[in-house]
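A.B. asks: Predicted model and sequence follow; I will ask about them next.
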Amino acid sequence: MGERKTIAFLVSGLMDDFTIKMCNGVMSESAHFDINLVVVPVKYIDRDLTGIPDQYEYQYKTNACNLLPENVDAMMIAADCIGCLTTKENLMHFIDSLPKVPTVMVAANIEGYPCVIFDNKAGVREGLTYLVEKLGIRKIAMLGGSDKHFDTRERREVYDEIRIKYDLPYRDTMFVETNLSYTSRNEAELLLDMNPDLEAVFCVNDDVARALYEVMRDRGLQPGRDIKVMGFDNSQVAAMVSPALSTVDADAIELGRHGLRMLMRTLAGETLGVETTPTRFILRDSFGGMEEAVQKADRILNRSLLNRQFDQVFYRYRDVEQMDGSRLRNSFLLLMEDVITYVESGWHDERQLAEMKETINTFFTKEHALEYTDNNELMPYIERLHAEAAEHYETPEEKMQVYRMLTSVYKRILNAMSDRTVQYESGMDAMLYSMKTIVKDSLNFTYGNDKSYESIVTPLANVGFRNAYVYIYEKSIVHLEQEPFMIPDMLRLKAALTDGKVLDIPYTRQPVMLKSLFSHRFLPKEKWIMVLMPIYFGDTVYGSVLLDLTTLMFRNGEFMVNQFATTARMIEILRQNNEIQKQLEDNLALMAENNIVLDRLSRNDVLTGILNRRGFFDIARSVIEECRDMKRDVILSYVDMNNLKVINDRFGHDDGDFSLKAISEILTEVVSGSGTVGRIGGDEYAIVYYGALSEEELRKEIAERFHRMNRESDKPYNVTVSCGFYRIRPEDQINLDDAMASADQDLYMAKRFKDNRVVK
């Protein structure tokens, strides 16, 4: 590797709000160092995928297998985000599997590593104290998290500290553990059921608070009015829900910055321990009406408190203040100094009032102040400012002058908000157009060859990406959940976009050793920030893509890479079809040379010995006609083997053949004497049955036979099938083809509930 260091940042989901903020912090801080930064999403260890749209999300964990001591110099790991749903032991097992390079834990306190964490306690303590001292709340419950995770444990400790300090009533039912996600409705239901007299609930994060909001509304309860609600994280949704959520602002941007600074100090030879970044409480309407809060708050026409007021209202500004030179803060201080002077002196100078209006206009438009706050912080502040200013005037005319000033401020804010909305909508339109372009162009190929992979990177160049690299394994890998993943030492660079230009990479120059994944000749010479994403389709992993970490990636990155996976799968299918086509042409030529006539083929399947497609359909038609004459029902069944591809890929084609023969034997035994079985395709079978069993009895009998065989077999895998049925009654005027099509529809429904447990 060269002198420039390559830093890997392991995170959970790339599109998670908390991850986005941490990444933005790391990216902005990286400007101060000569480093390459690669963000590596690995999702969540041991996540229950039941009900998750992507049942193969576990493939993200293969992403970490790309990292070696030879290709990264140091790592940052958002350990508690990655491991929020697993045990400490499993999380440590994952960490131990990573390269042994200098490492800093971010948002996690892991023994033996330098760590940067939030000072969880300060903000939580401030919010809970406000509930007790300002609002007189006594019955406070908590929707928390597992004690196995440092952050959630600290938040629980503060909750316990406050209730003990103020001698609050408590019973064990007032704490319910959640999985930290928006899916915690059941836990919220349980908490309210067991504690019908609650006055407030502290939620371990904003996602859990959202779940509580929904449960409360279903019960006719209003957050803020019937039960005060407090969250943690200050996510975007906290300010958007109604009523706006009181929460603790944990600045993930500063956390990311702090983490990278610690890592660079570690690389410089410092020995570090645990360091913290602050949190603060944000008061919003979920603690009741803001008018009540205003009455209990400090006076704001106070020069000594202006800096604190600025930090409270324009809290997002600290993310850029260092680079911005405190420009916005200084403008605010000057503006408020003028306001206080004007109010205290009782002036009525129209010229000075006009100048102040223009200063306010500049502050909210040219200074872009709205970018660093939200309405739930700004509007109460302006209302308090108006109320305090009005106290200094007695006559209706003077109070009207203050009102006009307030109206002017509101107009400026509304105009600025309108401009931001137009800009946002324009940006969203551009982003949607970009995604349509990527989807359309990524499948713009005809042949399944190496040039086809350029269809992945070409549209990226048209939507603002400068760099992208598609790494494909020599052979795709079938990877099942809970199984180890062995990544090859060598990958092929099938397509590259460098500095906005699509490169032509000959086959002989495609091999890239895994240890050179982030340092090969095709990468840009200038320092870069990229994200590494797995390319997978279902249970098959095709490789990885390394590309610029842009706003588009944060908003739609997972969807976009899913499209890349579809492209990779289509290329593989086309390549296989090309090979099959060639083999077919060779076989047809050979058959012509030997004058082989297809009609003379045997009626029996060579591998299994049962009827082949032609033989089965001939027999089935005869059976149906005979049963019609005898006024008897006939049951047709379409049977399909589950997971033949997986068994072939994992255990070999001999075991695949064994499975096909076993299916033939079991189906023949089930219908013996009362029906006929045929193999009508590669892993497809058909049954014509005229015995006493019903469809469900047949389905159950077949399932029990396979269960018994798998239990007694010494094979390391399960052989299973899915079945569809259709009953033909004597009076039904339906032909065999239509009846089989109906059975196939029933099979399609059965396939949705098929048993995917291949490995025993």
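C.D. replies: Ah, there it is.
A.B. asks: Just confirm Val531 is within a strand.
C.D. replies: Yes - under DSSP: H, G, I helix; E, B strand; the rest coil, Val531 falls within a strand.
A.B. asks: That one touches Leu549, doesn't it?
C.D. replies: Yes - judged on CB atoms under 8 Å, Val531 makes contact with Leu549 at a distance of 4.4 Å. C-beta: built from backbone N, CA, C; applies to glycine.
A.B. asks: can you list residues touching both of the two?
C.D. replies: With contacts taken as CB atoms under 8 Å, 6 or more residues apart in numbering, the residues that reach both Val531 and Leu549 are Val39.
A.B. asks: Asp755: what's it in contact with?
C.D. replies: Residues in contact with Asp755 (CB under 8 Å, 6+ apart) are Asn642, Asn718, Thr720.
A.B. asks: Hmm, Leu636 is touching Ala620, no?
C.D. replies: Yes - assessed by CB under 8 Å, Leu636 is found in contact with Ala620 at 7.3 Å.
A.B. asks: List the residues that are in contact with both of the two.
C.D. replies: Taking CB under 8 Å, 6+ apart as the contact rule, Leu636 and Ala620 both touch Ala686, Val688, Leu736.
A.B. asks: circling back: who has more neighbours out of Leu636 and Ala620?
C.D. replies: Leu636 (26 against 23; other CB atoms under 10 Å).
A.B. asks: Gly538: how many residues sit nearby?
C.D. replies: Look at Gly538: counted by other CB under 10 Å, it has 14 neighbours.
A.B. asks: any idea how far the closest residue to it other than its chain neighbours lies from His479?
C.D. replies: Excluding its sequence neighbours, the residue lying closest to Gly538 (CB to CB, 6 or more residues apart in numbering) is Tyr56, at 5.6 Å. Tyr56 sits 9 Å away from His479, going by CB to CB, to the nearest Å.
A.B. asks: overlap in contacts of the two?
C.D. replies: Tyr536, Asp539.
A.B. asks: Correct me if wrong: Val470 contacts Val545.
C.D. replies: Yes - between Val470 and Val545 there is a contact at 5.3 Å, judged by CB under 8 Å.
A.B. asks: shared neighbours, those two?
C.D. replies: Ile456, Ile535, Phe564.
A.B. asks: okay but the second one is in contact with Gly543, surely?
C.D. replies: Translated: Ile535. Yes - applying CB under 8 Å, one finds Ile535 in contact with Gly543, separated by 5.0 Å.
A.B. asks: overlap in contacts of those two?
C.D. replies: With CB under 8 Å, 6+ apart as the test, Ile535 and Gly543 both reach Val470, Ile472, Ala568.
A.B. asks: Now, those residues that are in strands?
C.D. replies: Val470, Ile472 (DSSP state E).
A.B. asks: and the residue nearest to Gly538, how many neighbours?
C.D. replies: Neighbours around Tyr56, by other CB under 10 Å: 19.
A.B. asks: Following element in sequence after the one helix or strand Cys723 maps to, please.
C.D. replies: For Cys723, the host element (DSSP states H and E) is strand 721-728. Next helix or strand after strand 721-728 toward the C-terminus (DSSP H and E): helix 736-751.
A.B. asks: ok, and for that following helix, which residues are buried?
C.D. replies: Within helix 736-751, the residues that count as buried by 16 or more other CB atoms under 10 Å are Leu736, Ala739, Met740, Ser742, Ala743, Asp744, Asp746, Leu747, Ala750.
A.B. asks: Kindly report the same for stretch 59-77.
C.D. replies: By neighbour count on 16+ other CB under 10 Å, the buried set for stretch 59-77 is 59-68, 70-77.
A.B. asks: residue ranges of the helices in the stretch 201-350 of the chain, please?
C.D. replies: Here the stretch 201-350 of the chain has its helices, by DSSP state H, counting those that start in this stretch, at 206-218, 236-240, 252-267, 290-296, 306-313, 321-324, 327-345, 350-364.
A.B. asks: By mean pLDDT, show me the worst of these.
C.D. replies: Lowest mean pLDDT of those: helix 290-296, a mean of 49.
A.B. asks: Who are the contact partners of the residue nearest to Phe725 when sequence neighbours are not counted?
C.D. replies: Closest residue in space to Phe725, ignoring its immediate chain neighbours: Glu695 at 4.0 Å, by CB to CB, 6+ apart. Residues in contact with Glu695 (CB under 8 Å, 6+ apart) are Ile635, Ser637, Phe725, Arg727.
A.B. asks: let's go with 7 Å and repeat that
C.D. replies: By CB atoms under 7 Å, 6 or more residues apart in numbering, the contact list for Glu695 reads Ile635, Phe725, Arg727.
A.B. asks: go on, Met174?
C.D. replies: Going by CB under 7 Å, 6+ apart, Met174 touches Ala141, Met142, Asn195.
A.B. asks: pretty sure the last one contacts Leu143?
C.D. replies: No - if you go by CB atoms under 7 Å, Asn195 and Leu143 don't touch, sitting 11.2 Å apart.
A.B. asks: okay, stretch 111-129 in CSV with CA atoms only?
C.D. replies: Extracted C-alpha coordinates of stretch 111-129, given in CSV (Å, rounded to 0.1, in the frame of the first residue of the first chain):
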residue,chain,number,x,y,z
GLU,A,111,-13.3,-3.1,26.3
GLY,A,112,-9.8,-3.1,24.9
TYR,A,113,-10.5,-0.5,22.2
PRO,A,114,-10.3,3.3,22.0
CYS,A,115,-14.0,4.3,21.9
VAL,A,116,-16.0,7.5,21.4
ILE,A,117,-19.5,7.5,22.8
PHE,A,118,-22.3,9.9,23.6
ASP,A,119,-22.6,11.3,27.1
ASN,A,120,-26.0,9.8,27.2
LYS,A,121,-26.7,10.8,30.7
ALA,A,122,-26.6,14.6,30.4
GLY,A,123,-29.4,15.0,27.9
VAL,A,124,-31.6,12.3,29.4
ARG,A,125,-31.1,13.7,32.9
GLU,A,126,-32.1,17.2,31.6
GLY,A,127,-35.3,15.9,30.0
LEU,A,128,-36.4,13.8,32.9
THR,A,129,-35.7,16.5,35.4
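A.B. asks: List the neighbours of it that are in contact with it.
C.D. replies: By CB under 7 Å, 6+ apart, the surrounding residues in contact with stretch 111-129 are 103-109, 140, 150-151, 154-155, 158-159, 162, 202, 230, 232, 246, 248-250, 255, 258-259, 262, 266, 272-281.
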